[in-house]
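> what would the 3D arrangement of this be:
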Amino acid sequence: MRRRLILLVAATTCLVLIAFLVPLALLIRQVTEDRAIGRADDVLQTIVPQIGTSDPAALALTVEGLPLPVSVFPPDGPVLGQAAERTPAVRLARLTARSFTVDTDAGREIVVPVLSGGDTYVLRTVVPADRLTSGVARSWLVLAGLGLALVALGLVVADRLARSIVAPIADLSAVSHRLARAELTARASPAGPREVREVATALNHLAGRIQDLLREEREQVADLSHRLRTPLTALRLEAEALRDEDEAARVSAAADSIERAVTAVIHQARRRGADRAAADATAVVTARVAFWTVLAEDTDREVRRELPSAPLVVALPADDLAAALDALLGNVFAHTPDGTGLAVSLAARPGGGAVLTVTDSGPGFPAEALRRGSSGSGSTGLGLDIARRAAEAGGGALHVGAAPGGGAQVRLELAAALTRS
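Residues are numbered from 1 along each chain as shown. Alright, predicted model coming up:
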């Protein structure tokens, strides 16, 4: 935009200068020619009173002392002054008794007839072409320099004006990108033209409104702890009332699991917009695979694992990583027949981070499974979306495809946690 404004001002300035300087240059040339012709005519007029009153010898001496070569053609006899032939202009002036100015190869020919005692004398001179344009080139150079100086001045002014317009717009763009990166404290400085200041004010108002809405959302999610406390308490009382101790322990464990899930959601909502924590992917994946292995034994599923012994720190909270892995393993248990084997592997990611891969030997799933809310098997269709959002929040990505030996494969890439100096 800045370059376009400068080009616009440059083009406009050049057009205005051309519209004024070209006619001015032509006028200077015309004035110079008229001045040279006028001076030559004045020289001729100085000898007009001597025609017919001075003898030919005295008249010849007067003509030879003039600053221009002048020829005097008497009615008869030789030419006085500058030797020259009787040109058609001289003959025409004698016949019509009128003055003429004629363009010739040598310059501008001027003839002036003078009547004296019934005879007609003709005065002739030629103004050279270089004298007709004397000083014109220098004047044109001065005009060209003046035009260039005006164009340069216009470009400087246009650059400062464009900078005053573009700088606030660039600031607005930077603030919008910061807001897109969830830096909700970013604000634009109202500067520049009135319209740009209004946009900056509106953007700041929008950012403040987004903060308010997110704050209300976090508080609404946090209220779930109070709303679910009563039914969870009732569920625990029901579990304690069961006579079967194993059954009571199972129901209590389920209630505790629900409470932990709700607490994790609340913590996640409160962390939104703040710096994200890091977690040891090795520890989290090992713990969750151990939990699901118990369930796999009940459904005759073989669980293969390839887990490293060294820690792999990723830019994702432990709760989020656990929730993502639970969603992936839950899909395997929910959408594959009993006895279907599965494999979980965790490896270091090139450049830092980790790659978590979940593979099963089941029938696989359709390509639209990544679309939020789409399942095709009667479930909510949010499992893969939870894993995808967790991966993207951790600076990675989710890849879904077919396993090499058949079945489905989901690869979760997680970025390395940033270390603070």
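> and the next helix or strand past the helix or strand where residue 233 lies?
Under the assignment given by DSSP states H and E, the secondary-structure element containing residue 233 is helix 224-241. Once the chain leaves helix 224-241, the next helix or strand it forms, by DSSP H and E, is helix 245-271.
> run through the neighbouring helices and strands of that next one.
Helices and strands touching helix 245-271, by 3 or more CB pairs under 8 Å, 6 or more residues apart in numbering; DSSP states H and E, are helix 194-222, helix 224-241, helix 318-335. Every C-beta, even on glycine, is put in place using the N, C-alpha and C of the backbone.
> now do the second one, average pLDDT.
Here the mean pLDDT over helix 224-241 is 71, rounded to a whole number.
> are we agreed that residue 86 is in a helix?
No: with DSSP: H, G, I helix; E, B strand; the rest coil as the criterion, residue 86 is located in coil rather than a helix.
> and the closest residue to residue 106 other than its chain neighbours, what does it touch?
If the residues on either side of it in the chain are set aside, residue 106 comes closest to residue 126, at 5.4 Å by CB to CB, 6 or more residues apart in numbering. Contacts for residue 126 were tallied using CB atoms under 8 Å, 6 or more residues apart in numbering; they are 69, 104, 106, 107, 108, 109, 110.
> let's go with 7 Å and repeat that
If you count contacts by CB atoms under 7 Å, 6 or more residues apart in numbering, residue 126 has them with 69, 104, 106, 107, 108, 109.
> surely the fifth one meets residue 125?
No: shown here, residue 108 and residue 125 do not form a contact pair, counting by CB atoms under 7 Å, at 9.2 Å.
> between these two, who's got more neighbours?
Looking at residue 108 and residue 125 with other CB atoms under 10 Å, you find the greater number of neighbours at residue 125, namely 23 against 19.
> restricting to C-alpha, output the strand or helix carrying that one in CSV.
Using DSSP H and E, residue 125 sits within strand 119-128. Coordinates of each C-alpha in strand 119-128 appear next as CSV, following Å, rounded to 0.1, in the frame of the first residue of the first chain:
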residue,chain,number,x,y,z
ASP,A,119,11.4,55.0,-55.0
THR,A,120,11.3,51.9,-52.9
TYR,A,121,14.3,50.7,-51.0
VAL,A,122,14.2,47.3,-49.3
LEU,A,123,16.1,46.5,-46.1
ARG,A,124,17.0,42.9,-45.5
THR,A,125,18.6,41.0,-42.7
VAL,A,126,18.8,37.4,-41.6
VAL,A,127,18.7,36.3,-37.9
PRO,A,128,20.7,33.1,-37.5
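> pretty sure residue 24 contacts residue 143?
Yes: with the criterion set as CB under 7 Å, residue 24 and residue 143 qualify as a contacting pair; they are 6.5 Å apart.
> residue 244: neighbour count?
The tally of other residues near residue 244 (other CB under 10 Å) stands at 9.
> returning to that earlier point: buried stuff in the strand holding residue 125?
Within strand 119-128, the residues that count as buried by 16 or more other CB atoms under 10 Å are 120, 121, 122, 123, 124, 125, 126, 127.
> which residues touch the first one?
Residue 120 makes contact with 75, 94, 97, 113, according to CB under 7 Å, 6+ apart.
> can I get those residues in JSON lines with secondary structure and pLDDT?
Formatted as JSON lines, the contacts of residue 120 follow (DSSP: H, G, I helix; E, B strand; the rest coil; pLDDT from 0 to 100):
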{"residue": "75", "secondary structure": "coil", "pLDDT": "82"}
{"residue": "94", "secondary structure": "helix", "pLDDT": "85"}
{"residue": "97", "secondary structure": "coil", "pLDDT": "85"}
{"residue": "113", "secondary structure": "strand", "pLDDT": "90"}
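> redo those residues as JSON lines? Include distance to residue 322 and neighbour count.
Supplementary listing: the contacts of residue 120 in JSON lines, determined by distance: CB to CB, whole Å; neighbours: other CB atoms under 10 Å:
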{"residue": "75", "distance to residue 322": "128", "neighbour count": "12"}
{"residue": "94", "distance to residue 322": "121", "neighbour count": "18"}
{"residue": "97", "distance to residue 322": "120", "neighbour count": "12"}
{"residue": "113", "distance to residue 322": "118", "neighbour count": "19"}
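> for those, which one is nearest residue 42?
Within the set of the contacts of residue 120, residue 113 lies nearest residue 42; the separation is 17.0 Å, counting by CB to CB.
> so what's the closest one bridging to?
According to DSSP bridges, the residues that bridge with residue 113 are residue 122.
> residue 178 is nearest to which of the helices and strands packed on helix 245-271?
Using CB to CB, the nearest of the helices and strands packed on helix 245-271 to residue 178 is helix 194-222, at 9.2 Å.
> show me how far that closest one is from its chain's centre.
Put simply, helix 194-222 sits 25 Å off its chain's centre (CA atoms, centre = their mean, to the nearest Å).
> same check, this time on stretch 124-142
In this view, stretch 124-142 has its centroid 52 Å away from the chain centroid, taken as CA atoms, centre = their mean.
> please apply the same query to stretch 355-364.
Taking the mean C-alpha point of stretch 355-364 and that of its whole chain, the gap between them comes to 44 Å (CA atoms, centre = their mean).
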